[in-house]
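>>> got a sequence here, can you model it:
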Amino acid sequence: MQLEKTDLNSLKVNILKYIRFCILFVFFACINHAYVYPQSLSGSLVSKFIIFNKGENYSGTINTRLDEIAWKGERIINQFIIWTPESPVSDITYQVTDLIGVQDTIPASNVTLRSVHYVKADQFSKGCSEYDKRDFTVFDELGDVLTETPITTLSPDDPVKIWLTIDIPIRINTGDYCGSLSIQARGKTELVFEIKIRVTDWTLPAREDWTFHLDLWQYPTRVIDRYNDDHPDQKLKYWSEEHYAMLKQMYLILADKGQKVITAHIKEGALGCPSMVQWIKTKDNSWKYDFSIFDQYVDSLMSWGINKQISCQSPVGWNSDEIPYFDEISQENLILEAPVGSSIYQERWNDFLSKFRHHLIERGLFEKTVLFMDEIGEDKLEMVIGMIKNNDPEWKIGLAGFHQLPAMIDTNIYDLSLHYIIPFESVNQSRNNTFYFSCNPPFPNNFVASDAEPAVNAFIGWYAYSQHINGFLRWAYDDWLDAEPYEMRIGSHTSGDFCLIYRSSNDMEMKFYSSIRLELMRDGIQDYEKLIILEDYLKKSSKTSDNQSLLKLENKLKEFSAMTWGAGDITLLVESAQELIKDIIAGK
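Reported below is the predicted structural model:
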C-alpha cells in the first residue's frame, strides 16, 4: 500500500510535533527536578598521593573526568572526593557502569570502590625512639584505611573520600573505553564522573610473574593475640581453623601486592613471635624438632600465592643469646643460654640445621629456603655464616643490614637488603638485592603521619629500578601491638611503622583492609615491571623517536639516584615519572 503525498506531509508534521513535545517535556522536567531537588553534592577527582586529614576540605580545581592511559593487565588507582556545602546528605549510593569500547568491554566488576577510613596518627615524622614522650591526647586522624563498606551519609564537616581501582584485563583489545561513576542521593543522580581509559598495546605480566622481590615480614600470631586480649574467656589457639581463616584474608591481600616471601619463625622469640618449629629436649637428653606447624603454615601461604621464598627467622634473632625449648622431663618451656659463637650455640644449631635440611629436602623446599638475620654485627655474622656453611654450603643466607659488608661476608649472602641510607657499592645480579626503611629515616619512609609523603610508597619501585636492585623489604606488615585497630601510635616509633594493613575489630567477624600506602606501593611495583619492558624495547629500537624517549627516561631515572630528599619533593618526582611513561607509550 502506498501513502498519498498529503498523508506523508501529515506524518512529518506529527513527528515534528512529537519531537518538540519530547524536548519540552524533558526541559520542564529538568527545571522542575532541579527546583524541587536542588543539587546537594559536589565532587572532584583528586591526587592519589594525598592522605587527607579528617575534616579536610578540597580547595583545588574541580575535575569530574578521569582520563587514563593504561597497559593491558594494569591496575589503575585514583581517588575522588565528594562534599556537601550546607546540610547533611543521607541515602547516598554509588553506581559504576561497564567501560564500553568498540570491540570489547571492561566490565563494571573490574571496577572497585572503597571508602577511606581514618586512623590515629602522629603529626610529625621522627626517627627511631624519638616519640619516647608522646602525648597521646594530641593526634591527627588520617584517611589510610580502604574499606569495602560504602559511606552513605555525608556531613558538611567531613568530605567523603572514595578510592577507585580499575583492573584492565590482560586479554583485551586495544582502544578507548568509556563509562561513568554516578553518585545518587534521595534517589536521584547528584554527581557523574566520566571515565575514559585508553588501553594501549603494551602488556604487563601477570602479578605472579613479576620480578620485583617484595618482602614484607609477617607476624601471623598478632591477630590471635589481639582477639584473645578482648575475649579472655573464649580464647582461640594459634594455628586453629579460625586462625587460618583470618590469615587467609590477610595474606591474600599481601599476595595481591606482589609479595614473594613467606616469613617463617623457626626460633621462639626470634622476631618477638612464637616459633613455628618446636625445639624439644627429650627425656634421654637428645633433641628433636616438630615441624608440623611450619609445614602447615608454609603450605597455606603457598596456596594463597606467596610461594617464591621462605625466609626463616632466625639463627640469631632479637633474643640472640637464647634458645627457648620444651623440656620433656620437667614438662616446661625453658631457655638454653647459647651466646652466638659459643660451643653450645654451634652444637645446637648444627643439630637443628641438619634435621631441618633433611626435612626441607624431603618436602622439596630446600631451594626456596633462606636462613635470615636482621641487622647483625659483623663479628656475629662471621661466626654464624661459618656455622651455617659448615653444616651445608648449599644453605642460602639472608640479611637486612645497616652497613657495607666485607667481601667474605658479602659473597655468602644470597638475599641482601641494605638500609636506604647505605648505597650498594656493587650489585650482585645472581642474588636478591633489595633496600629497606626501618624506623629511620624520617623522610622518606612508609609512615602515616601528617607530614609524610604517601608518594614514597610508589617511589620504592622507581628507586629500586634506578639503583639496579630488584626489590624492597620492610620489617612489619601486620605487627599489631595495640588493642585499638586504628591506633597507629605504637611505642616510640612514628605512626605507621608497625603495619601496612588494618583489621576492623578484635572480634571473630573482623575484616581486613588494605591501606593507601600499600596500594601506592603496588602502583610503584607495577612501574618497576613497566620499566623493564619499556627500557628493553627502547634500547633495541633504531627509531629516532625511541632514542629520544630513552634519553628522557634515563634522565628521569637519574633523579632517583640521590640518597636524601626533603619533604615535598618525592610526590612531584613520582608524578612526573609516571606521566613520562604514559607520554612514551601514547606515542607508540
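>>> just give the closest residue to Leu381, not the sequence neighbours.
Ile409 (5.4 Å; Cβ to Cβ, 6 or more residues apart in numbering). (Glycine included, C-beta is placed from N, CA and C.)
>>> with Lys260 instead?
Lys308 (4.0 Å).
>>> next one: Lys552
Leu580 (6.3 Å).
>>> now what about the helix or strand hosting that neighbour, what contacts it?
Assigned by DSSP states H and E, Leu580 belongs to helix 570-586. Counting by Cβ atoms under 8 Å, 6 or more residues apart in numbering, the neighbours of helix 570-586 from elsewhere in the structure are 47, 49, 69, 71, 198, 200, 202, 444, 453-456, 458-459, 462, 524, 527, 530-531, 534, 538, 549, 552-553, 556, 559-560, 565.
>>> how distant is that helix from the center of its chain?
20 Å (Cα atoms, centre = their mean, to the nearest Å).
>>> can I get the CA coordinates of it in CSV?
Output of helix 570-586 as CSV, limited to C-alpha atoms (Å, rounded to 0.1, in the frame of the first residue of the first chain):
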residue,chain,number,x,y,z
ILE,A,570,59.1,12.9,46.1
THR,A,571,55.5,13.5,45.1
LEU,A,572,56.4,15.7,42.2
LEU,A,573,59.2,13.3,41.2
VAL,A,574,56.9,10.3,41.1
GLU,A,575,54.1,12.1,39.3
SER,A,576,56.4,13.3,36.6
ALA,A,577,58.0,9.9,36.2
GLN,A,578,54.6,8.2,35.8
GLU,A,579,53.5,10.8,33.3
LEU,A,580,56.6,10.2,31.3
ILE,A,581,55.8,6.5,30.9
LYS,A,582,52.3,7.5,29.7
ASP,A,583,53.7,10.0,27.2
ILE,A,584,56.1,7.4,25.8
ILE,A,585,53.6,4.6,25.3
ALA,A,586,50.9,7.0,24.0
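>>> buried residues in that helix?
For helix 570-586, the neighbour count (16 or more other Cβ atoms under 10 Å) marks Ile570, Thr571, Leu573, Val574, Ala577, Gln578, Leu580, Ile581, Ile584, Ile585 as buried.
>>> now for Lys368: which residues touch it?
Counting by Cβ under 8 Å, 6+ apart, Lys368 touches Asn307, Lys308, Gln309, Ile310.
>>> could you measure from the residue sitting nearest the centre point of the chain over to Leu416?
In the chain, the C-alpha nearest the mean C-alpha coordinate belongs to Leu518, at 2.7 Å (Cα atoms, centre = their mean). Relative to Leu416, Leu518 is positioned 24 Å away (Cβ to Cβ, to the nearest Å).
>>> dihedrals phi and psi, the closest residue to the residue nearest to the centre of the chain other than its chain neighbours?
Among residues not flanking Leu518 along the chain, Leu500 sits closest, at 4.6 Å (Cβ to Cβ, 6+ apart). The phi/psi pair for Leu500 (degrees, to the nearest 10) reads phi -120, psi 10.
>>> before we move on, the earlier item: pLDDT value on the residue nearest to the centre of the chain, please?
Per-residue pLDDT puts Leu518 at 98.
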